[in-house]
Every structure is written in C-alpha cells, then in structure tokens.
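1. Here is the input, now give the coordinates:
(chains A and B)
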Amino acid sequence: MASDTKPLRCAIYTRKSTEHGLEQEFNSLDAQREACEAYIKSQAFAGWKVVPQQYNDPAYSGGNLDRPALKRLMVDVEAGKVDVVVVYKIDRLTRSLADFAKLVDAFDDKSVSFVAVTQQFNTTTSMGRLTLNILLSFAQFERELSAERVRDKVAASRRKGKWTGGSVPLGYDAKNKKLVINKAEAETVRTIFGLYLEVGSFSKLVAELDRRAIVTKRRNSKVAKYRGGIPFTYGPLAYFLKNRIYIGETHYGGKWFKGEHTAILDRPTFDRAQDLLKFNTVKRKVKFSESGALLEGKLFDDKGNRMGPSFSSKSGVRYRFYVSTALRGRKHEAGSVSRISAPEIEGLVKAALSEKLQAPNEEVIERIDTITVSNGRIRVTLKQLKGKQRSIEIPWTPKPKGDAQVVATSGPKPDQKLVKSIIRAHAWLDDLSAGRHASIEDLSSAADLHPKVIRQGLRLAFLPPHLTRAILEGDAMFELKQIPKLLPLSWWQQHRAIG
Amino acid sequence: MKSQFSSIEADPAVEAELDRLPTMPIIELRKRYCELLRTQPPKAFGPDLLRRSIAHTIQEKSYGGLPPLTRRLLDQLVKTALARPNGRLELPRRIKPGSELVRTWNRRIYRVTVMADGFTFEGKTFASLSEIATAITGTRWNGPRFFGLREAAGREGTDGK
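-> Residues are numbered from 1 along each chain as shown, chains lettered A, B, ... in the order given. Predicted coordinates for the structure are as follows:
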C-alpha cells in the first residue's frame, strides 16, 4: 500500500462494565486505549491516524446502546468524521447481537470499517462474518449468563436472610453490606408502631407524627433524587407498618425468610399492628352505577358482549342507552340488539321482577345476576337462592328502524357522466380564461390528460343554454356518447345534431 | 325548454355571422373577441376556442343565456370542481317531480310526492322536506336526511361512545 493514500481517521472506543478499578491511575480503559493506539501505529504505513477525540464509557453495560461516548461516536460516524473504529475486543462495542447488527448497518452506511485489535478476522468474507457472529453470540451468552448468576446469587442470599442492598429502611443502617440497628431510628420505629396501636387510625397517627416532627428516613444518595426526610403520608405509612423487616425477616419473590439482621419489634406488637391494619382497611365493594346506570355490569347482548352505559344529549336532554361493547370496533361481533334505551329496559326489568318476586322496585335490581338482551326477548337470570338458579323471560321486540326509499317516476336516467363532463368543460374554460394556465398543453399536464381530450371536452362548455340546463337539472334525454365529436358553432345546428 | 327553443326561429343575421367565423383569420377573431367581450382574449385561446367563444356570445346576446338559477347551480358546481381538481365530483341528488318519497317511521308509512316547486304530503303542499319531517316526528329533523336523500355522514362514529 502506498503511504500517499488519504489518511484514515481512526476512532478508539473503550468500555468497562463496572466501576471496579477505575480509580487506579492506569485502569482498564487506559490499557484498552494503549493497545488500540499501538495497533494503529503499526498500521501507519496504510495511513492510519488516531483522532484526538476519546470515546470512553467507564462503568457502562454492553447490553444496550445507551452509552454517552458510544452515542457521540455514532454521531461522528454519521457526520463522516471517522473512517475506522478501533476497539480492543468486539464485546467492548456491544454484547448484544441485535445491537451489533444495528451498529454494523450504521457503519456500512458511511463505509466505516471497524477493527478489533486482539481479534483478527476479515468481515469481507462469509467465513469472517460467521466468526464474528459466533463471537457475538458468545458475548451475548456471557452477558446473559452473568446476569443469571447475579440473579441466582441474590435469590440465594435473600433466602439465607442476607441484606442484598436496596434502600435501607428506617431504623437501620447499612454497614459492611449488612443491616445494623440505628439506635435513634429504631426508637422512632417503635414509637410509630406504638402510636398506631394507641390512636388506631392513620389520620390521627399522621397528625401525631407531624406534631412530634417524625419524618421519613433521610437518605444520602449519590445521584440527585428524592431522598426522604419528609412528613409521612398514608401510603408510605402503610408500607412501613407492614414491613416484616422489623421482625427480623427478609423477603424474596413475595416470600419472607428469617433474616440475618436484628429485629426492632417483638412479634406480638407487630401482629397487633397487622390486625389493626386489617381491621381498618375498608373493603370497598366494586360499585357500579356511578352514572346512574342501574344495570351496568349485568347487561349483555345475545353474543355475550357486555352492554355498557352510554348517552347522547340533544338540546340539554340526556338520553341514556346501554351499548354493546362490540360496537367499539368489532361491530360484526355485536348481538342482534346492540343498543337499547336505558329507561326502557330498566323500567321493563323492574316491573317484570317486582311482579314476579313480589318485592319493591328498589330491591329487585340487587337480585339480578345477568340480563341478556336479544331480538324478541329479554332474559333475566337471578342470583342463586338456596342453590337454585331462576330466570325470567320478558318478551320484547326493539322498535323497528325506520327506512326511507325513493319511488322515482319512470323516464330516462340522466347521464351522470355527461353532467360531470359539462362541469369539467366549464371549469377548464374558467381556468383558461382566467389565465391560470397559459395554454391547453399547460392545462393538460396539470390535469394529467391528453391535450386532445381537453380540446374535445371543452366544446361542451358551448352547448346551447337549454341543453346545458336540461343536462344539469337531470332532464336530458341524451347521453354523452350521443354528442358528436365536431359540434357546429350554431346552437341551432347543435340542437339539430344532438336532439 | 326544448319546445321553447324549437319555437324560436333561427335568426338569419346571426347564422350568417356564424358562417363567416370559420374562415376568419386569427387576427380578426381576436379583434372581434375584444369588441364583443370587452376584454383581451386570453393567451391560451387558439382559433377554435376564439371562434366558439365568439359564436357563443353572439348567440347569447340574441337568444338569451342560461336562466339565473341554472347559472348559479353551474357556477357552484364549477367552483367545487376547481377547488378539488382531482377529487371526485359529487352531484347533488335531484329528485324529479312526480317521484314519491316513502319513509317508515314508528311503524307507520309516510308518503310524500315531489312537485316541481315543493312537496305534497297528506293533501297539503310544503316548501321543504324538513317541515314535513318535523310534522311527522314532532322534533326538528333534516328533511333530506329523514327521507334518505342524504347519507348520514359519520353517524356510526357517534354510536356507543
């Protein structure tokens, strides 16, 4: 290779997954960089030159592309500032096969080649590409394997009761990766539990905590974010009061295990708090009919679609309906009745049930399990009473939809094509007269039609008024094809030629 | 209309002038156009268009042009055609006099006869379909829509909110 070739600008990319060892004066990133620089120097005869910009990603995972230096590199590649990307090993670039394909695509786009210093292969051959893919498959496998290892390790540690990190709960400090009791905070924990058992309600507890200036745990985190030290609210309080950490347990996968750390509370206190919590929890029944739709959740069409409440308004009046949910995009799945007036069906059902059950109107709705609406009948199934299922049928037919039709007088149908041609002719004449098009050829290219068609069509703008009128009003007795190609100038003769 | 035209005799003077047009040189045609329409002929007009325009104007002057109502209808249609040069041209649906509109509403059938200048319903004449629809239903209705002359655009969309 000649040394007078254009210099190839080489960008060195380095990455390291963990922070471990980064504080050293000469760390892994430097080592990677040095190796790359040496390689580039060895290729100096081919015009390779290092670009001054450094692309270093310290403590970034190779599992995704969310890395600042890599993003910078890609921007520079896109801008054509780089000819070769040099890395120490392929897995520095990425450990994901999918991401690698993306990167290679981006490189190929700009004819940027990339080189892994310690892994020699030639990607211009199929064998080289295979090698590369195999290498990357292993890189990805390695990554997934290590992730699995970490997960398994965390799971095992938790089951053994070890603290594996996370936010430290109030009452504890993390020391040597273990939870140790913080005496002052532990006292606060006992106070809060004691207060809760004493006052017995969250609202009173919060007021009391505020009075005593007891706040959530203050945390110091490396990154700026929400750090605690704020007054307690209901949600965090509930979490706090249910936290089994305080009786010396750790959890993993929704299960609690005996922990290594010391408990702050005794079991009876904690259990009493749990009982109180359970007692205080208001079991809210899922309540429908907020909208005043009594039958919400009970009404179905005959294909099993729920019929939900809906309404329309006209001049201030609200008309309520139940509408099959199939009408929301799955119209073909709707039953024979897809829409029913709410007052109508509510009235029908109430009347029929109170007659059958001999109960007042208000109570009968409670007894309904489901209602199925179909063309011809409404079937009401009642809730089981002494293991017996009862159902009632109400005969009902929906009001027929009105239809409209036109019974036309006999006679020739006006030729729609002719009407359109006339209008088109007048529009063209307008265009030309107003100078919107300088010539018929101009107009023809704008209308995407042959000039001949336009010349032929234009003559229809000069029909005798009585014919134009007859055509427009639909009284014409002739069709477009009956109009001769060459129309005489005289209306008189035109009339004779057509009529 | 047709009969009306047949009753008018062709004006020999007009016919004579029309006969001269095909042989007239283009310079003369431009001059004549200028005289008749009191404006310079557009650049795009070749001899044929000039001849046709001149002939049309001459005849309009002696026999009369489009009646004002038809003129307005035509202008309207042309305007929509020009506004959307490549769009489909929708023609207003016109029901011929003598046709009957049949509408079933609340299980009853109503028949309306279309007249040249209105509609007959139950022996009375109405100017608009909306009046009839209102009389039938008791609420305000768009007549053409009630009688199925107009597609209810976007009605499906309001179903089942």
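
2. Checking the closest residue to chain A within chain B next. Helix, strand or coil?
-> In chain B, the residue that lies nearest chain A is B:Gly148 (2.9 Å; Cβ to the nearest Cβ). (Glycine included, C-beta is placed from N, CA and C.) Here B:Gly148 takes the coil state, with states given by DSSP: H, G, I helix; E, B strand; the rest coil.

3. That one: neighbouring residues, count only.
-> Close neighbours of B:Gly148, defined as other Cβ atoms under 10 Å in any protein chain shown, add up to 16.

4. wait, A:Phe100 sits on A:Arg129?
-> No. Contact between A:Phe100 and A:Arg129 fails when scored by Cβ atoms under 8 Å: they sit 11.4 Å apart.

5. More neighbours: the two, which one.
-> A:Phe100 (22 against 14).

6. Skipping its backbone neighbours, what lies nearest the residue of chain B closest to chain A in space?
-> Of all residues not flanking B:Gly148 in the chain, A:Ala404 sits nearest, at 2.9 Å (Cβ to Cβ, 6 or more residues apart in numbering or on different chains).

7. contacting residues around A:Cys64?
-> You called it Cys, but residue A:64 is Asn. By Cβ atoms under 8 Å, 6 or more residues apart in numbering or on different chains, the contact set of A:Asn64 is A:96, A:99.

8. What residue in chain A comes nearest to chain B?
-> A:Ala404 (2.9 Å).

9. Which strand residues bridge that residue?
-> B:Arg103 (DSSP bridges).

10. picking up where we left off before, how about the residue nearest to B:Gly148, what does it touch?
-> Contacts of A:Ala404 by Cβ under 8 Å, 6+ apart are B:101-104, B:146-149.

11. Dump the residues you listed into CSV; add pLDDT as well.
-> Shown next, in CSV, are the contacts of A:Ala404 (pLDDT from 0 to 100):
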residue, pLDDT
B:Leu101, 87
B:Val102, 87
B:Arg103, 88
B:Thr104, 86
B:Phe146, 87
B:Phe147, 85
B:Gly148, 80
B:Leu149, 77
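
12. Which of the residues you listed sits closest to B:Ala83?
-> B:Leu149 (23.5 Å; Cβ to Cβ).

13. about what we covered before: I figured the residue of chain B closest to chain A hits A:Lys401, correct?
-> No. With contact defined as Cβ under 8 Å, B:Gly148 does not count as touching A:Lys401 (11.7 Å).

14. OK, contacts around A:Arg306?
-> Contact analysis of A:Arg306 by Cβ under 8 Å, 6+ apart lists A:297, A:299-300, A:324-325.

15. Check these and tell me the two furthest apart.
-> A:Gly297 and A:Ser324 (13.8 Å).

16. what's the longest strand in chain B?
-> Secondary structure of chain B per DSSP state E: the longest strand is strand B:108-115.

17. buried residues in that one?
-> Using 16 or more other Cβ atoms under 10 Å in any protein chain shown as the test for burial, strand B:108-115 gives B:110, B:112-114.

18. before we move on, what about stretch A:446-463?
-> Counting neighbours by 16+ other Cβ under 10 Å, stretch A:446-463 gives A:447, A:454, A:456-463 as buried.

19. Is that stretch positioned near chain B?
-> Yes. Counting by Cβ under 8 Å from any Cβ of the partner chain, contacts between stretch A:446-463 and chain B involve A:446-447, A:455, A:458-459, A:461-462.

20. So which of those are in helices?
-> Residues from those lying in helices, with DSSP state H as the criterion: A:446-447, A:455, A:458.

21. so where's the chain shaky on pLDDT?
-> Answering for chain A, as no chain was given. A:1-5, A:121-124, A:221-226, A:284-291, A:361-362, A:385-387, A:400, A:409-414, A:499 (pLDDT under 70).

22. oops, chain B please
-> In chain B, residues with pLDDT under 70: B:1-9, B:85-94, B:151-161.

23. for it, what spans make up the strands?
-> Using DSSP E, strands in chain B cover B:100-105, B:108-115, B:118-121, B:124-126.

24. now swap in the stretch 201-350 of chain A and tell me
-> Along the stretch 201-350 of chain A, the stretches classed as strands by DSSP state E, counting those that start in this stretch are A:249-252, A:255-258, A:299-301, A:307-314, A:317-324, A:339-341.

25. most tightly surrounded among the ones you listed?
-> Comparing the strands of the stretch 201-350 of chain A by mean neighbour count (mean count of other Cβ atoms under 10 Å in any protein chain shown), strand A:299-301 comes out on top with a mean of 25.

26. Quick one: list the elements packing against it.
-> For strand A:299-301, the packing partners by 3 or more Cβ pairs under 8 Å, 6 or more residues apart in numbering or on different chains; DSSP states H and E come out as strand A:307-314, strand A:368-374.

27. Make a markdown table out of the strands of chain B and add distance to A:Phe138.
-> Shown next, in a markdown table, are these (distance: least, Cβ to Cβ, whole Å):
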| stretch | distance to A:Phe138 |
| --- | --- |
| strand B:100-105 | 76 |
| strand B:108-115 | 81 |
| strand B:118-121 | 84 |
| strand B:124-126 | 86 |
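
28. Show me the one of those that comes nearest A:Gly376.
-> strand B:100-105 (19.9 Å).

29. could I get the closest one in CSV with only the CA atoms?
-> Output of strand B:100-105 as CSV, limited to C-alpha atoms (Å, rounded to 0.1, in the frame of the first residue of the first chain):
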residue,chain,number,x,y,z
GLU,B,100,-92.5,9.6,-4.3
LEU,B,101,-90.6,9.5,-1.1
VAL,B,102,-91.5,6.7,1.2
ARG,B,103,-90.5,6.7,4.9
THR,B,104,-91.3,4.3,7.6
TRP,B,105,-91.3,5.9,11.0
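
30. ok, and what's touching stretch A:118-137?
-> By Cβ under 8 Å, 6+ apart, stretch A:118-137 touches A:35, A:88-91, A:94-95, A:97, A:100, A:113.

31. on that earlier part again, could I get the strands of the stretch 201-350 of chain A as TSV with distance to A:Ala174?
-> Formatted as TSV, the strands of the stretch 201-350 of chain A follow (distance: least, Cβ to Cβ, whole Å):
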stretch	distance to A:Ala174
strand A:249-252	13
strand A:255-258	18
strand A:299-301	56
strand A:307-314	51
strand A:317-324	57
strand A:339-341	62
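
32. which one of the ones you listed lies closest to B:Pro68?
-> So among the strands of the stretch 201-350 of chain A, strand A:307-314 is nearest, using Cβ to Cβ, at 38.5 Å.

33. partner strands of that closest one, parallel or antiparallel?
-> By DSSP bridges, strand A:307-314 pairs with strand A:317-324 (antiparallel).

34. coming back round to it: out of the contacts of A:Arg306, the closest to B:Arg52 would be?
-> Distances from B:Arg52 to the contacts of A:Arg306, taken by Cβ to Cβ, are shortest for A:Ser324, at 61.2 Å.
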